[in-house]
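Visitor: 3D, please:
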Amino acid sequence: MDKGLFLIETHLKTGRPIGELAKAHGVSRGWLYKLLRRYRLEGPDAVAPRSRRPKSSPTRIADLYEDEIVRLRKELIDGGYDGGAETIRFHMATPGRTVPSTSTIWRVLKARGFVTPEPHKRPKSSWTRFVADFPNECWQLDMTHVEVADGVVYEVLNIIDDHSRVCVASQVFMIVKAPDVVRTIHKAAAVWGYPQRVLTDNGLIFTTPLGGAMGAMESELMSLGIATRHSRPYHPQTCGKVERFHQTMKKYLAAQDPAETKKQLVGQLNRFARYYNTERPHRGVGRRTPITAFAAREKVGPIGPKIDAAGYRIRHDKVDRSGSVTLRHKGKLHHIGVGCPYEGWRVIMLVAGLDIKILGTDGSPLRHLTLDTSVDYQRIP
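Guide: Here you go, the predicted model:
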């Protein structure tokens with residue numbers, strides 16, 4: 001039961017003085033007199049606590065900007081862009097202008113029914129994030145499907161800079177092939193520079209076909225000194241930045257009139273990439289635009305050895321205690337001597353049929369031989 005109501009009814013029933021009740025229960029005598037006045041005028045319900053919030057506040061900043069906040073929210077969402085409180089504040093801010101805080105904008109959106117508060121999620125402090133330290137230190141590549149008018153499906157190859165989130169390329173193909181990936185990387189590098197390494201999933205356009213020669217992308221990148229890394233199978237989180245970019249891109253496309261031709265789709269993607277890179281504040285880079293984050297630090301580039309691996313399949317190994325590495329050919333395991341001085345070295349093996357090249361990780365040649373399938377151990381000449 002409400003304490004104030006109980007004390008007022010006790011006073012009226014027993015005649016016990018207000019001052020005595022206030023002293024006995026540790027409350028203000030003036031408060032009890034105020035409640036007694038309400039009770040006599042409006043009844044028991046009037047004793048319930050009332051809000052102290054003023055009926056109006058002419059200086060409240062949210063009232064001054066509410067219409068602008070709602071307008072920006074609708075414009076951004078209708079255009080297929082992010083319309084969160086931080087993005088709205090970014091677009092409202094101009095030099096010399098005072099704008100509401102992000103929390104104030106969020107409260108306006110909540111009051112107008114644009115957002116629904118979500119339950120507390122896993123704290124950000126518990127996340128483990130992997131971010132490249134420099135622009136062009138790592139590019140993430142991935143392909144996604146986009147359906148346009150008449151049910152036609154195109155494949156879109158997206159490339160994202162891991163550090164700044166800049167979209168360095170977004171190209172449309174009927175079917176993406178390995179040579180298309182190579183050409184797209186060269187085209188993007190002409191504008192942004194070559195990366196130190198690239199990160200992809202295990203799609204055949206990015207990797208070496210099982211038992212075949214090295215994939216076109218891996219071969220080309222190795223000749224440029226660019227390292228390649230692949231995510232663990234069935235673990236798209238490794239390439240999470242480009243996967244998240246796919247979602248943002250498709251949200252934008254869903255808000256546009258469906259493209260009827262490939263040329264129209266290319267135009268839509270070009271407009272989106274321009275907005276995404278230069279106008280949209282990105283939460284992952286401190287609410288800066290990706291182009292700002294890209295320009296803020298020195299760029300890096302390829303640092304690996306330039307190895308001509310065209311026509312070969314690649315295998316990585318470690319020289320064992322006996323100075324040998326192993327290679328399986330047609331189900332039979334062969335040991336190839338490299339030399340005891342190289343014990344523990346990581347090596348690269350380029351294999352084309354029976355032709356084998358063994359290189360150090362710096363590209364230095366260690367041995368070149370033709371595999372003799374009649375013997376197990378390939379001796380050093």
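Visitor: C-alpha from now on. contacts and neighbour counts both.
Guide: OK.
Visitor: quick check: Glu343 vs Tyr377, distance?
Guide: To Tyr377, Glu343 is 17 Å away according to Cα to Cα, to the nearest Å.
Visitor: could you list the domains of this protein?
Guide: 3-47, 61-111, 139-295, 313-378 (automatic domain parsing).
Visitor: tell me which of the ones you listed sits most buried.
Guide: Of all these, domain 139-295 carries the top mean neighbour count, a mean of 18, counting by mean count of other Cα atoms under 10 Å.
Visitor: average pLDDT across that domain?
Guide: The average pLDDT for domain 139-295 rounds to 92.
Visitor: gap between the two ends of it?
Guide: First residue to last in domain 139-295 (Cα to Cα) measures 16 Å.
Visitor: now do it: distance to the chain's middle.
Guide: With Cα atoms, centre = their mean, to the nearest Å as the basis, domain 139-295 stands 13 Å off its chain's centre.
Visitor: cool, stretch 291-301 as well?
Guide: The answer for stretch 291-301 is 18 Å, by Cα atoms, centre = their mean.
Visitor: ends of it, how far apart?
Guide: Terminal residues of stretch 291-301 are spaced 18 Å apart (Cα to Cα).
Visitor: which residues are in contact with it?
Guide: 134-137, 163-164, 166, 193-196, 277-278, 285 (Cα atoms under 8 Å, 6 or more residues apart in numbering).
Visitor: quick one: which two of those residues are the most distant?
Guide: Gln196 and Thr278 (23.6 Å; Cα to Cα).
Visitor: circling back: closest to Trp31 among the contacts of stretch 291-301?
Guide: Using Cα to Cα, the contacts of stretch 291-301 come closest to Trp31 at Val285, 53.0 Å.
Visitor: which ones are touching the closest one?
Guide: 164-165, 293.
Visitor: reformat the domains of the chain into JSON lines and put distance to Gly304 next to each item.
Guide: Output for these, formatted as JSON lines (distance: least, Cα to Cα, whole Å):
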{"stretch": "domain 3-47", "distance to Gly304": "77"}
{"stretch": "domain 61-111", "distance to Gly304": "39"}
{"stretch": "domain 139-295", "distance to Gly304": "4"}
{"stretch": "domain 313-378", "distance to Gly304": "7"}
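Visitor: show the average pLDDT along stretch 15-32.
Guide: 89.
Visitor: and it, how far apart are its ends?
Guide: One end of stretch 15-32 to the other measures 14 Å (Cα to Cα).
Visitor: off-centre distance for that stretch?
Guide: 61 Å.
Visitor: look up how far Thr10 lies from the closest residue to Leu5 other than its chain neighbours.
Guide: Nearest non-adjacent residue to Leu5, counting by Cα to Cα, 6 or more residues apart in numbering: Val47, 6.0 Å away. For Val47, the distance to Thr10 (Cα to Cα) stands at 14 Å.
Visitor: so who does Pro341 touch?
Guide: Gly323 are the contacts of Pro341 under Cα under 8 Å, 6+ apart.
Visitor: tell me if it really is in a helix.
Guide: Yes: under DSSP: H, G, I helix; E, B strand; the rest coil, Pro341 falls within a helix.
Visitor: and the pLDDT for it?
Guide: With respect to pLDDT, Pro341 has a value of 92.
Visitor: Arg53: which of the domains of the chain is closest?
Guide: Arg53 sits nearest to domain 61-111 of all these, at 15.1 Å, using Cα to Cα.
Visitor: now the closest one: mean pLDDT?
Guide: So the average pLDDT for domain 61-111 ends up being 87.
Visitor: next one: it to chain centre, how far?
Guide: Centroid separation for domain 61-111 versus its chain: 23 Å, with Cα atoms, centre = their mean.
Visitor: please enumerate the strands of the stretch 201-350 of the chain.
Guide: 227-230, 313-318, 324-329, 332-337, 346-352 (DSSP state E, counting those that start in this stretch).
Visitor: the last one to strand 313-318, inter-axis angle?
Guide: The directions of strand 346-352 and strand 313-318 differ by 150 degrees, with axes from the mean of the first three to the mean of the last three Cα atoms, to 10 degrees as the criterion.
Visitor: contacting residues around strand 346-352?
Guide: 213, 309, 311-319, 356-361.
Visitor: same thing with the first one?
Guide: Outside strand 227-230, the residues that touch it by Cα under 8 Å, 6+ apart are 196-202, 218, 221, 302, 304.
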